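> Curious how this folds, go ahead:
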Amino acid sequence: MTDANGAIIEGRGLTRSFAMPAGAVTALGDVSIRIDAADYVAITGPSGCGKSTLLHILGCVDQPTAGSLVFEGRDVSALPESARSRIRLTRIGFVFQRFFLLPMLTAWENIELPQAEAGANKADRRARTRELLDYVGLSARSDHRPSQLSGGEMQRVAIARALANRPALLLADEPTGELDEETGLQIATLFDRVHSDGTAIVVVTHNPAVAARAARHLAMKSGRMVGA
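As a prediction, this is how the structure comes out:
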């Protein structure tokens with residue numbers, strides 16, 4: 001779902017400051033960004049430039065100190081935390097550098113869990129989990145726990161989990177940062193497929209090969225957007 005102008009999410013004048021003993025530190029300063037349904041956006045820049053801070057705000061994990069954020073036509077800043085949590089669960093998928101799979105759960109269970117939290121019935125959960133395991137090429141590893149999987153396999157499970165509730169937007173923070181070059185390329189190729197299948201993607205990356213897959217490129221420096 002998009003707003004009347006076709007945007008999934010739009011941030012205007014996004015600023016995020018943190019109180020520190022020596023005074024406030026601004027991690028993000030007056031950033032405006034719009035993501036449409038067909039977008040595949042790569043955000044690059046040096047460590048500490050505000051990329052992850054911006055991603056957390058876009059993902060409704062954090063709130064800006066100033067500025068506005070509208071997701072699917074709704075002013076996110078005006079929503080209670082319960083509504084923001086529901087958006088994170090059902091409309092936004094997250095993929096992280098270190099996977100963050102639950103170690104005591106199998107690949108199947110990690111993918112099924114967010115569906116259960118969203119209220120999907122058992123039959124629908126089973127069908128969707130089976131579909132996603134096939135989608136990421138891990139049907140034969142469904143009963144394996146994270147410790148029994150390679151880094152690339154863990155990231156594939158994490159991507160499947162992120163897609164479990166059919167989000168409109170996928171946010172990825174250094175998704176190949178823990179992987180070797182060949183495996184990282186496989187994950188980047190999987191992102192291409194996810195985008196082709198209709199999910200908007202924003203990826204934060206230091207990897208030029210990953211960034212090159214995106215149709216739009218944004219660069220950040222010192223908490224600000226410096227190029228497109």
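
> Sketch out the low-pLDDT regions of this structure for me.
Applying pLDDT under 70 to the chain picks out residues 1-5, 227-228.

> one more time with 80
Low-confidence regions of the chain, defined by pLDDT under 80, span residues 1-6, 23, 227-228.

> count of residues packed around the spatially closest residue to E109 that is not a sequence neighbour?
Leaving out its chain neighbours, the residue that sits closest to E109 by CB to CB, 6 or more residues apart in numbering is L102, at 7.6 Å. Glycine gets a C-beta too; all of them are placed from N, C-alpha and C. Each residue near L102 was counted by other CB atoms under 10 Å, and the total is 12.

> which residues in the protein form helices?
Using DSSP state H, the helices assigned to the chain run over residues 51-58, 81-90, 107-118, 122-135, 151-162, 181-196, 208-211.

> Which one of the ones you listed lies nearest to D30?
Closest to D30 of these, according to CB to CB: helix 51-58, at 11.7 Å.

> What is that closest one packed up against?
strand 7-18, strand 25-36, strand 40-44, strand 169-173, strand 200-204 (3 or more CB pairs under 8 Å, 6 or more residues apart in numbering; DSSP states H and E).

> Name the surrounding residues that touch that helix.
Residues outside helix 51-58 that contact it (CB atoms under 8 Å, 6 or more residues apart in numbering): 9, 11, 14, 16, 27-28, 31, 33, 35, 43-45, 62-64, 69, 169, 171, 173, 202, 204, 220, 223.

> Dig out what the spatially most central residue of the chain forms beta bridges with.
Central residue of the chain (CA atoms, centre = their mean): L171, 1.8 Å from the mean position. With DSSP bridges as the criterion, L171 is bridged to F94, V202.

> how near is it to S52?
10 Å (CB to CB, to the nearest Å).

> same question, G119
Taking CB to CB, one finds G119 at 30 Å from S52.

> Which of these two has more residues huddled nearby?
S52 (19 against 10).

> still on that earlier bit, what subset of the contacts of helix 51-58 is buried?
Among the contacts of helix 51-58, those classed as buried by 16 or more other CB atoms under 10 Å are 9, 11, 14, 16, 27-28, 31, 33, 35, 43-45, 62, 64, 69, 169, 171, 173, 202, 204, 220, 223.

> follow-up on the earlier one: identify whichever of the helices of the chain lies nearest to R145.
Per CB to CB, nearest to R145 of these: helix 107-118, 7.7 Å.

> Which parts of that closest one count as buried, going by neighbours?
Quick answer for helix 107-118 (16+ other CB under 10 Å): A107, W108, E109, N110, I111, E112, L113, P114, Q115.

> before we move on, what about stretch 214-224?
In stretch 214-224, counting by 16+ other CB under 10 Å, buried: A214, L218, A219, M220, G223.

> May I see the buried residues of stretch 126-146?
Result for stretch 126-146 [16+ other CB under 10 Å]: buried residues R128, T129, L132, L133, Y135, V136, L138, R141, S142, H144, R145, P146.

> Looking at the residues you listed, spot the one nearest Q97.
The closest of the buried residues of stretch 126-146, once distances to Q97 are taken by CB to CB, is P146, at 14.5 Å.

> Tell me which residues touch the nearest residue to G50 once chain neighbours are set aside, please.
Spatially, and ignoring its direct neighbours in sequence, G50 is nearest to G223 (4.1 Å; CB to CB, 6+ apart). Counting by CB under 8 Å, 6+ apart, G223 touches T26, A27, L28, G29, V31, C49, G50, T53.
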